[in-house]
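>>> Build me a structure from this.
(chains A and B)
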Amino acid sequence: MTNRRRGAAGPLFVAPFLVLFGLLFLAPLGYAAYLSLFQHKLIGGTVFVGLDNYVKAVADPLFLHGVLRVATFFVIQVPVMLLLALLFALALDSGLTRLARVVRLGIFVPYAVPSVVATLMWGFLYGPDYGPFAQLGRIFDLPVPRFLSDSWMLGSIANIVTWEFVGYNMIILYAALRTIPRELYEAAAVDGAGAWRIAWSVKLPALKPALLLTLLFSVIGSFQLFNEPKLLHDLVPTVIDTAYTANFYAYTLAFTGQQVNYAATVSFLLGLVIVIVSYAVMLTANRRRES
Amino acid sequence: MPAFTRRSFLAAMGAASLTGALAACGGSDDTAATTPASEADIDKAMNTPTELTFWTWVPDIEQEVALFTKKYPAIKVKVVNAGQGTPHYTKLRTALQAGSGAPDVVQIEFQYIPTFTVIDALLDLRPYGASKLKDQFVDWTWAQVSGQNGEVWAIPQDTGPMGMLYRQDIFDQYGIGVPATWDEFAAAARTLHAANPDIYLTNFAANQAAAWHGLMWQAGAKPYVSNSKSDITIDVDGDVAKKIAKYWGGLATEGVIGVETDFTDAWYTALNNGKYATWLTAAWGPVFLSGSAKSTAGKWRAAPLPQWDSAKPSSGNWGGSTSAVIKSTKNPIAAAQFAQFLNSDPESAKMFATKQFLYPPTKALLTDPSFVDEPLDFYGGQAVNKVFADIGDTVNLSFQWPPFLDQVATDFTETVGKALTDKTDAVAALGQWQSRLTTFAKNQGFTVS
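Numbering: from 1, shown residues only, chains lettered A, B, ... in the order given. All right, here's what the predicted structure looks like:
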């Protein structure tokens, strides 16, 4: 293809995307930014307040606690989930498991379950009186953790999220593994490398871009945590308060407190946090690759 | 499709002609709302092809709507179920803010009326003849739909005076009499739980701000008083409220009552399994329970709430709905007539009570032997409606709701509700609730005293 032809066709091909991107992404973003500069009161109406909402939000303990909680969640849950996904992908790729197809599907199926349904299901399983775990515990006279209590809650949510997304991440990693040329394995085998050595020295380095991708998705997913706490809130509203995660706080502000403007501010700041963390993750990964 | 096109065309015509009529009067919406609509205006509007949109979550309400459209064939009513409770209100508020897509007539629970009048969403129904209906409705229900300046914001549809449902079999087994006072109730809670650690006298759900308000209502508390749109007195931690918090906080700390979230799977199972010997609920509770705890049929009975002062029996209200007209409607006359007909026409009102089992707010039905004396098998043949009709007469007349109910309910759960589940100081939690609400109200521009 010549340069001239590419110049004419390019914008045309990109146009549908750009139009939708502008309409569905940039416009709402701009509108939210605009909203965040105002304050609406039930009595007194709407006034322009400049950056006041932002000044208030960065010192708002409810917002900060929400961000801190999802950060904790990210640090604990994401490594566990990605490690599991990696192990499953390697196991499947190595052909160790006979029923590769069935196993692959089995691990992936939870991702096909909508997270709302998954949370409702786990909420039932966690039940302290009539949940299956509690009932089993009673039959065998074993102590069962109170999954829905204050101290267990974050772990219980992490478990749901892990269950939902291990399969998804595994598929990304598995697909990346399949693209590695088989010759590399043969060459390594000729050099005397065993299965473990191949996994460590050939597969893992080749997986780095895919791992970075899953990590970035996980940053975004963790910091935007909403469905699971929102639904479990209905079961134990005194354990999960309405500012449990930053996203939940923004939702509560908008729909319970009628503070749409402040909710826009909180959402914007949360977006900023996600951008910073994602950038930090990429920077660290790239620097490591260079060194 | 042709029928649809024709109908929307006619609807548009109707809207256009009515707008024209209003414009001809030279009045804006505001003047139209304060001058009474004449008989001629009403006749004209009711014979002009019109389509009304009605948001409600009452199942099978099409039956009652059909009675209306039979009488006024020119009016079509489109029934939309926009969710029950909170999702319904969230959608309504979004449509109101967007300035389009809001219904003409809407189901609103009593406690939410001030939340919507403060944002000017509701139409005063006085110019459309609503005042004439006053005598048909139980006094306190009419007080609930009346505004600060005598406006009629909605027409009552059903109510929930609070009473107590109890398990006769459990009471008999453990030798417990039906508690008439809160002191007796507390004693019974201790006796029962001591006799069988798996059973609790009742469950006080930490998420149930509505029940808490009902109990405050019973005890005569006045947590929210406002005399104008912009001022409010918040007193959720007054002496009466402290008495209630001390009482329930005490029982929760002793561990002789349950404190689990209600209307969850676990709670339904608990009711079926006999974990709780009573349910402090409202007049809609008996029918609800008979559908949710089928395995316990015949074992329940109904009684009034235990009393603080047995010489002066009183009760509060929990739940119940109204029909209100949204101010932005293009067909105020037809919409107002619909809201009134639906709830005051004898046939329609009776249908609500007998088909959907809504607990009626009209004096006629509450004295109608075929309704109040009906024996219910689930309650061992007891005339449960009679029990609640009598309770209804003892409901305190004046109880006001705050203009930001969602915030009140959320903050209740996170302060008082949390204290009950965590078995910490519920009276101190009242103070947190009070200060959260005060801060919120001030931030929203209210003059708080």
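>>> which stretches of the stretch 151-291 of chain A aren't confidently modelled?
A:289-291 (pLDDT under 70).
>>> Give me the neighbour count for the residue lying closest to residue A:44 once chain neighbours are set aside.
Nearest-residue entry for residue A:44: residue B:445, 3.8 Å, with adjacent residues in sequence omitted and distances by C-beta to C-beta, 6 or more residues apart in numbering or on different chains. Quick note: C-beta positions are derived from backbone N, CA and C, even for glycine. For residue B:445, the count of nearby residues is 14 (other C-beta atoms under 10 Å in any protein chain shown).
>>> Residue B:445 belongs to a helix, doesn't it?
No: the assignment for residue B:445 by DSSP: H, G, I helix; E, B strand; the rest coil gives coil, which leaves it out of any helix.
>>> check contacts around it.
A:41, A:42, A:43, A:44, B:230 (C-beta atoms under 8 Å, 6 or more residues apart in numbering or on different chains).
>>> if we go to 6 Å?
In this structure, residue B:445 makes contact with A:41, A:43, A:44, judged by C-beta atoms under 6 Å, 6 or more residues apart in numbering or on different chains.
>>> any chance you could map the strands in the chain?
Went with chain A since none was named. A:38-41, A:45-48 (DSSP state E).
>>> ah, no, chain B please
B:50-55, B:75-80, B:105-109, B:154-156, B:162-167, B:224-225, B:231-234, B:278-282, B:300-304, B:321-325, B:447-448.
>>> Point out the residues in the stretch 151-291 of chain A that sit beside chain B.
A:235, A:237, A:238, A:241, A:242, A:255, A:256, A:257 (C-beta under 6 Å from any C-beta of the partner chain).
>>> Which members of those residues occur in helices, if any?
When DSSP state H is applied, these are split such that A:235, A:255 fall in helices.
>>> want to throw the residues of the stretch 151-291 of chain A next to chain B into JSON lines with neighbour count?
Below are these laid out as JSON lines (neighbours: other C-beta atoms under 10 Å in any protein chain shown):
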{"residue": "A:235", "neighbour count": "23"}
{"residue": "A:237", "neighbour count": "23"}
{"residue": "A:238", "neighbour count": "21"}
{"residue": "A:241", "neighbour count": "19"}
{"residue": "A:242", "neighbour count": "21"}
{"residue": "A:255", "neighbour count": "19"}
{"residue": "A:256", "neighbour count": "20"}
{"residue": "A:257", "neighbour count": "20"}
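>>> So for stretch B:285-294, what gets flagged as buried?
Neighbour counts using 16 or more other C-beta atoms under 10 Å in any protein chain shown place B:285, B:286, B:287, B:289, B:290, B:293 of stretch B:285-294 among the buried residues.
>>> same check, this time on stretch A:211-229
A:211-212, A:214-219, A:221-229.
>>> which ones among those residues are found in helices?
The members of the buried residues of stretch A:211-229 that map onto helices under DSSP H are A:211-212, A:214-219, A:221-223, A:227-229.
>>> hmm, who's touching stretch A:168-188?
Taking C-beta under 6 Å, 6+ apart as the rule, stretch A:168-188 contacts A:85-86, A:88-89, A:92-93, A:107-108, A:111, A:198, A:202, A:206-207, A:210, A:214.
>>> mind listing what's buried in that stretch?
A:168, A:169, A:170, A:171, A:172, A:173, A:174, A:176, A:177, A:180, A:185, A:188.
>>> Next step: the residues you listed restricted to helices.
Per DSSP H, the buried residues of stretch A:168-188 map to helices at A:168, A:169, A:170, A:171, A:172, A:173, A:174, A:176, A:177, A:185, A:188.
>>> Out of these, the closest to residue B:136 would be?
residue A:168 (59.9 Å; C-beta to C-beta).
>>> any idea of the pLDDT on the closest residue to chain A within the stretch 301-449 of chain B?
At 3.5 Å from chain A, residue B:445 is the closest residue in the stretch 301-449 of chain B, using C-beta to the nearest C-beta. Predicted confidence (pLDDT) at residue B:445: the value is 94.
>>> Leaving out sequence neighbours, find the closest residue to residue 64.
No chain in the question, so chain A it is. Going by C-beta to C-beta, 6+ apart, residue A:64 has residue A:58 as its nearest residue, at 8.0 Å.
>>> looking at chain B here, not the other one
Nearest to residue B:64 is residue B:348, by C-beta to C-beta, 6+ apart, at 4.6 Å.
>>> Could you give the number of residues near that neighbour?
Counted with other C-beta under 10 Å, residues neighbouring residue B:348 total 20.
>>> Please apply the same query to residue B:363.
By other C-beta under 10 Å, neighbour count at residue B:363 equals 15.
>>> what do you get for residue A:196?
Residue A:196, neighbours per other C-beta under 10 Å, totals 10.
>>> what does residue A:287 give?
9.
>>> Please report how far it lies from residue B:318.
61 Å (C-beta to C-beta, to the nearest Å).
>>> Can you name the residues of chain B sitting close to chain A?
Residues of chain B lying near chain A (C-beta under 6 Å from any C-beta): B:90, B:118, B:206-207, B:230, B:261, B:264-266, B:269, B:406-407, B:410, B:413-414, B:417-418, B:421, B:444-446.
>>> and stretch A:158-175, how far out from the chain's middle?
Its chain's C-alpha centre and that of stretch A:158-175 lie 10 Å apart, by C-alpha atoms, centre = their mean, to the nearest Å.
>>> Report the buried residues of stretch B:190-204.
So, applying 16+ other C-beta under 10 Å, buried residues of stretch B:190-204: B:192, B:193, B:199, B:200, B:201, B:202, B:203, B:204.
>>> just stretch B:359-367 next, same as before
For stretch B:359-367, by 16+ other C-beta under 10 Å, it's B:359, B:360, B:361, B:362, B:365, B:366.
>>> Can you report how many residues neighbour residue A:121?
As a measure of burial, residue A:121 has 14 neighbours, counting by other C-beta under 10 Å.
>>> Relative to residue A:176, how far out is it?
30 Å.
>>> residue ranges with poor pLDDT in chain B?
B:1-34.
>>> mind giving me the domain split of it?
Taking automatic domain parsing as the reference, chain B has its domains at B:6-159+B:319-384, B:161-316+B:398-448.
>>> Now do the end-to-end distance for the shortest one.
Which is domain B:161-316+B:398-448. Start-to-end span of domain B:161-316+B:398-448 (C-alpha to C-alpha, to the nearest Å) is 30 Å.
>>> Looking at strand pairing, list the partners for the closest residue to residue B:116 other than its chain neighbours.
Distances taken as C-beta to C-beta, 6+ apart place residue B:122 nearest to residue B:116, at 5.4 Å, with adjacent residues excluded. Note on residue B:122: beta-bridge partners residue B:326, judged by DSSP bridges.
>>> Could you report the separation of residue B:122 from residue B:41?
20 Å.
>>> So the two - more neighbours on which side?
Taking neighbours as other C-beta under 10 Å, residue B:122 and residue B:41 compare with residue B:122 leading, 24 against 19.
>>> So that one is in contact with residue B:153, correct?
Yes: between residue B:122 and residue B:153 there is a contact under C-beta atoms under 6 Å: 4.9 Å.
>>> hmm, back to that, and the residue nearest to residue A:64, how many neighbours?
For residue A:58, the count of nearby residues is 11 (other C-beta under 10 Å).
>>> so which of the contacts of stretch A:168-188 comes closest to residue B:136?
When these are compared for distance to residue B:136 (C-beta to C-beta), residue A:111 wins out at 57.2 Å.
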